[in-house]
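> Need a 3D model of the following:
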Amino acid sequence: MNFQQHFHDIAARVAELTRGKEVSLSNYYAEQSDFLRFNRSAVRQPGSVTDIELAVDLIDGRKRASAAMRLTGDKAEDESRVAALVSDAREALAATPDDPFLLFNSSPQSSAHVAETKLPTRGQAIDAIGRAGKGRDMVGIYAAGRTAYGFANSLGQRNWHSADSFNLDWCFYHSADKAVKENYAGFEWRDGEFERIVEDAARTLAVLSRPPKTVPPGGYRAYLAPAALAEIWGWLGWGAFGLQTHKTRSTPFLRSLDGIDRLAEQVSLDENTAAGVAPDFQQDGFLRPGKVSLIARGVCDQCLVSPRASAEYGVATNGANESEQPQSLDMAGGALPRAEILRELGTGVYLSNLWYLNYSDRNNGRLTGLTRFASMWVEGGEIVAPLNVMRFDDTIYRMLGSELLGLTSEREMILDTGTYGRRSVDSMRLPGALVGDFRLTL
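Down below sits the predicted model:
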């Protein structure tokens, strides 16, 4: 169906139902997705989803109330549902106290972004993935299709964002806890790129048949693949970059803000909405700039500022969501060729994935977690054995600061694989990182 036209029809209906001094905000989400679940290199569960959601906020003075429901795409049915939704929000509004930090965009700024690409058909995806898994135990899930976001208010603002994307989250399983974990995601499927990833994974799979190696706790030269680095940035995203945590001094970058420590000069990180999948507007109607510099040459730069934090601290919002978490992280690459990583690593650990991350000392930027999947022991630039699971405990100021030896020139686009409730549109574009001393603790 035509989601964009449906959104405009729904927005007009909500505006019609808005009364007197009320201001209405409408947030529309829709997706049309194919899902394929693989096990033992065969499709075990195919499916498709068409989903439409609407949330309506009514504002009267400093009072605000919300209500949400799913829509059907049928005009008559949806008009009835929207009327009930607005009525529910109005009833809640009557019992809502004033909000001292209420802020929404009262200066209408309309926009439209449509990024349509040619995704593979379901049959083409099955054929390509089936060829990759032939003769191996391939496990994973493929999700592809269109996601769409719309914002409208009764002041006349209309914003639209839709994009086509795919995400194949998969692994070649070996045995026990040993597997080669990979992800292939983006806006346009390229057979050659996928085949390269599969070939690399197949070579690593062969190594998993060797006896695993356990190393004693200590500091090791290490390579953090983009997927491992994504786990680190993903965890830091909870509280590292928002104005609220900076003002309350609860950010893991507190030492950087106080001038005590810093990351390496080669580390630059942006919220690059223009190159991501997430929409360039947020739920209160504020537009997001194409890029916000979060870390510039190793030093904390700008914050993500939500409307509520803007109202509380008197700092202009830059369209951040309520949690002030990044959605389109983009880290600058370095000068290390990906093909030379093993040679540059020499002897040490190759960390393809990390998981179960947590703070061991939040204020000092210290993280802990476990190695996962096909993490390897490397000697003389050659992979010699899979590495048994180890725990790490280290600070961001060492991993990407004093101990950072280099970043790869090539970067990978990593889309969040979350599909709980709806397909996630969070993304990261990251290099790999070579670290001189990475601390494994047990």
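> Is Trp233 located within a helix, as I assumed?
Yes. Inclusion of Trp233 in a helix is indicated when DSSP: H, G, I helix; E, B strand; the rest coil is applied.
> Contact partners for it?
Leu269, Leu329, Met331, Met428, Leu430 (C-beta atoms under 8 Å, 6 or more residues apart in numbering). All C-beta atoms are positioned from the backbone trio N, CA, C, and that covers glycine.
> Redo those as JSON lines? Include neighbour count.
Output for those, formatted as JSON lines (neighbours: other C-beta atoms under 10 Å):
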{"residue": "Leu269", "neighbour count": "26"}
{"residue": "Leu329", "neighbour count": "24"}
{"residue": "Met331", "neighbour count": "24"}
{"residue": "Met428", "neighbour count": "26"}
{"residue": "Leu430", "neighbour count": "27"}
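> Now, those residues that are in strands?
Counting by DSSP state E, the part of those found in strands is Leu269, Leu329, Met331, Met428, Leu430.
> ok, the residues you listed vs Asp258, which is closest?
Of all those, Asp258 sits closest to Leu269, with 19.3 Å by C-beta to C-beta.
> just checking, next helix/strand downstream of the lengthiest helix in the chain?
Across the chain, the helix with the greatest residue count (assigned by DSSP state H) is helix 75-94. Heading C-terminal from helix 75-94, the first helix or strand you meet, by DSSP states H and E, is strand 111-115.
> Return that next one as CSV; C-alpha atoms alone will do.
This file holds the C-alpha atoms of strand 111-115, laid out as CSV (Å, rounded to 0.1, in the frame of the first residue of the first chain):
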residue,chain,number,x,y,z
SER,A,111,10.3,17.7,4.9
ALA,A,112,10.2,14.5,2.9
HIS,A,113,12.9,11.9,2.3
VAL,A,114,12.3,8.8,0.2
ALA,A,115,15.2,6.3,-0.3
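> what about it, distance to the chain center?
Computed by C-alpha atoms, centre = their mean, to the nearest Å, the chain-centroid distance of strand 111-115 equals 20 Å.
> Adjacent strands (with direction) for it?
Strand pairing for strand 111-115, using DSSP bridges, gives strand 158-175 (parallel).
> in the strand it pairs with, what counts as buried?
Neighbour-count burial for strand 158-175 flags 158-174 (criterion: 16 or more other C-beta atoms under 10 Å).
> Now do the longest helix of the chain: distance to the chain's middle.
For helix 75-94, the distance to the chain centre is 32 Å (C-alpha atoms, centre = their mean).
> cool, stretch 107-118 as well?
20 Å.
> Kindly provide the whole-number mean pLDDT of that stretch.
Per-residue pLDDT over stretch 107-118 has a mean of 92.
> Ok, stretch 187-201 next?
Here the average pLDDT along stretch 187-201 is 93.
> hey, C-alpha coordinates of that stretch in CSV?
This file holds the C-alpha atoms of stretch 187-201, laid out as CSV (Å, rounded to 0.1, in the frame of the first residue of the first chain):
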residue,chain,number,x,y,z
PHE,A,187,20.5,-0.6,1.3
GLU,A,188,21.5,-2.6,-1.8
TRP,A,189,22.5,-6.2,-2.0
ARG,A,190,25.8,-6.8,-3.7
ASP,A,191,26.6,-10.5,-4.5
GLY,A,192,30.4,-9.9,-4.6
GLU,A,193,30.5,-8.3,-1.2
PHE,A,194,28.4,-11.0,0.3
GLU,A,195,30.5,-13.7,-1.3
ARG,A,196,33.7,-12.1,0.2
ILE,A,197,32.1,-12.2,3.7
VAL,A,198,31.1,-15.9,3.2
GLU,A,199,34.6,-16.9,2.0
ASP,A,200,36.2,-15.2,5.0
ALA,A,201,33.8,-16.9,7.4
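> Would you mark the buried spots in that stretch?
So for stretch 187-201, counting by 16+ other C-beta under 10 Å, buried means Phe187, Trp189, Phe194, Ile197, Val198, Ala201.
> Check stretch 4-13 too.
Applying 16+ other C-beta under 10 Å to stretch 4-13 flags Gln4, His6, Phe7, His8, Ile10, Ala11, Arg13 as buried.
> The third one is in contact with Asn27, isn't it?
No. Using C-beta atoms under 8 Å, Phe7 is not in contact with Asn27; the gap is 10.2 Å.
> Identify the contacts common to those two.
Gly150.
> As a check, name the ranges of all helices in the stretch 151-300 of the chain.
Ranges of helices in the stretch 151-300 of the chain, per DSSP state H, counting those that start in this stretch, are 191-207, 226-236, 243-247, 254-257.
> out of these, nearest to Leu294?
Comparing those by C-beta to C-beta, helix 226-236 comes nearest, at 10.0 Å.
> Let's see the closest one as CSV, backbone CA atoms only.
What follows is helix 226-236, C-alpha atoms only, in CSV (Å, rounded to 0.1, in the frame of the first residue of the first chain):
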residue,chain,number,x,y,z
PRO,A,226,33.9,-3.8,13.7
ALA,A,227,31.2,-6.1,15.3
ALA,A,228,33.2,-6.1,18.6
LEU,A,229,33.6,-2.3,18.5
ALA,A,230,29.9,-2.0,17.8
GLU,A,231,29.2,-3.7,21.2
ILE,A,232,31.4,-1.2,22.9
TRP,A,233,29.8,1.9,21.3
GLY,A,234,26.4,0.4,21.6
TRP,A,235,26.8,0.0,25.4
LEU,A,236,28.4,3.5,25.7
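> Could I get the buried residue list for it?
Pro226, Ala227, Ala228, Leu229, Ala230, Glu231, Ile232, Trp233, Gly234, Trp235, Leu236.
> need the contact list for the third one.
Put plainly, it is Ala228. Taking C-beta under 8 Å, 6+ apart as the definition, contacts of Ala228 comprise Leu351, Ser352, Asn353, Leu354.
> Now intersect these with the strands, please.
Among those, DSSP E puts Leu351, Asn353, Leu354 in strands.
> neighbour-wise, which of these leads?
Using other C-beta atoms under 10 Å as the neighbour criterion, Leu351 leads these with 29 neighbours.
> right, and Gly285 touches Phe104 too?
Yes. With contacts counted by C-beta under 8 Å, Gly285 reaches Phe104, the gap being 5.8 Å.
> what's the overlap in contacts for the two?
Counting by C-beta under 8 Å, 6+ apart, the shared contacts of Gly285 and Phe104 are Leu25, Asn153.
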